[in-house]
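Student: missing the sequence, but the structure's below:
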């Protein structure tokens, strides 16, 4: 009679924790790719990359809840990736597409968009346990 090894269950659980983080990493990749594409003048591709990031962002949290693998690390990692995908990447897209002509005022407007995104995510993370 063969006994299962006690560490198999732990290894499997650790593997499941990786799944939502893979979707979060793909979200980060889309944001990064959008920034690169907008710097190369490929604005449509940059916008599509942000839209794909929206879908991946919705899936990572859903998968974490379904598999019961939510964690503080995952929440913080998701917020950092969201800042890139939905704060920095759209700001760079807007700057390269239309705000470049306004010089310092243009990059200031793009920067303020990123700052507002960062502040919103930080406020959300702090208020998660409140209410």
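Tutor: Sure, I can see it. Please read these numbers as outputs of a predicted model, since none were measured by experiment.

Student: Residue 75 - how many residues pack around it?
Tutor: As a burial measure, residue 75 scores 15 neighbours (other CB atoms under 10 Å). In this view, the C-beta of every residue, glycine as well, is placed from N, C-alpha and C.

Student: actually residue 18, not the one I typed
Tutor: 10.

Student: With the one 4 residues further on instead?
Tutor: If you count neighbours by other CB under 10 Å, residue 22 ends up with 12.

Student: what secondary structure does it sit in?
Tutor: State at residue 22, reduced to three classes by DSSP: H, G, I helix; E, B strand; the rest coil: helix.

Student: Can you tell me how far it is from residue 29?
Tutor: 10 Å (CB to CB, to the nearest Å).

Student: do residue 46 as well
Tutor: Distance from residue 46 to residue 29, by CB to CB: 13 Å.

Student: out of these two, which sits in the busier spot?
Tutor: The residue with more neighbours, out of residue 46 and residue 29, is residue 46; 25 against 17, by other CB under 10 Å.

Student: and the helix or strand hosting residue 122, which residues are buried?
Tutor: In this structure, residue 122 sits in helix 104-126 according to DSSP states H and E. For helix 104-126, burial by neighbour count (16 or more other CB atoms under 10 Å) applies to 106, 110, 113, 114, 117, 118, 121.

Student: The second one contacts residue 97, correct?
Tutor: No: with contacts defined as CB atoms under 8 Å, residue 110 does not count as touching residue 97, sitting 10.2 Å away.

Student: residues contacting residue 39?
Tutor: 92, 96 (CB atoms under 8 Å, 6 or more residues apart in numbering).
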